[in-house]
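Undergrad: Starting from these lines, generate the structure:
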Amino acid sequence: MRGIPVCAGLALAFAVPAAAQDDVAHGDPDWAVIAGVDAFFEALRSDDKTALARTMHPGGTIYIHDRMVPGAPETVVVAVADHLARWAGTPKGLDERMTYATVLVDGDMAQVWGPYRFMIGDSTTHCGINSLSLIRTEDGWKVANTSFTMEPPSECDRLGAPGVSE
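TA: Here you go, the predicted model:
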């Protein structure tokens, strides 16, 4: 599955026949992983600040490769549990759009890679490349570890970040 923006992935999921939708829960690993990632992004943009915790594994780690200041990159490491605690105080109107350029699945582990754009309201705050590691749990696919670059909006076109309306 290459180059499917989050919104297109959701639209595609609703456009497929019911039998194919069963594959999400009972067979096709790519579709099931995409459904897990879609749920993660829906939770991220939700006004319910507890929703994100239901899509992430609390023992995971987030690696932020911050390139916002030219010539002074830094890597910040945050435990998912700490991120979720801070998430409760974030403002409404957050949105992240990602193109699923690469989806890899092997048993109970998966990797989804691609460019993203992060917005508050209609304003892009940053963009970059997401690398989402997922694990299959009894409750479905959960984002366990993430690693992403964080670059200024001026770099979004170069990175192939999805447009604001995607």
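Undergrad: list the contacts for L52?
TA: F40, A43, L44, S46, L84, W87 (C-beta atoms under 8 Å, 6 or more residues apart in numbering). From N, CA and C alone the C-beta is placed, and that goes for glycine too.
Undergrad: In which helix or strand does the third one reside?
TA: Under the criterion of DSSP states H and E, L44 resides in helix 29-45.
Undergrad: Next secondary structure after that helix?
TA: Once the chain leaves helix 29-45, the next helix or strand it forms, by DSSP H and E, is strand 61-66.
Undergrad: in its sheet, what does whatever helix or strand comes next after that following strand sit against?
TA: Downstream of strand 61-66, the first helix or strand assigned by DSSP H and E is strand 74-79. Neighbouring strands of strand 74-79 in its sheet, by DSSP bridges, are strand 61-66 (antiparallel).
Undergrad: In the partner strand, which residues are buried?
TA: Neighbour counts over strand 61-66 (16 or more other C-beta atoms under 10 Å) mark T61, I62, I64, H65, D66 as buried.
Undergrad: and what of stretch 40-50?
TA: For stretch 40-50, a neighbour-count test (16+ other C-beta under 10 Å) marks F40, F41, A43, L44, R45 as buried.
Undergrad: circling back: tell me which two in the contacts of L52 are the farthest apart.
TA: Distance extremes for those: the farthest pair is S46 and L84 at 13.4 Å, using C-beta to C-beta.
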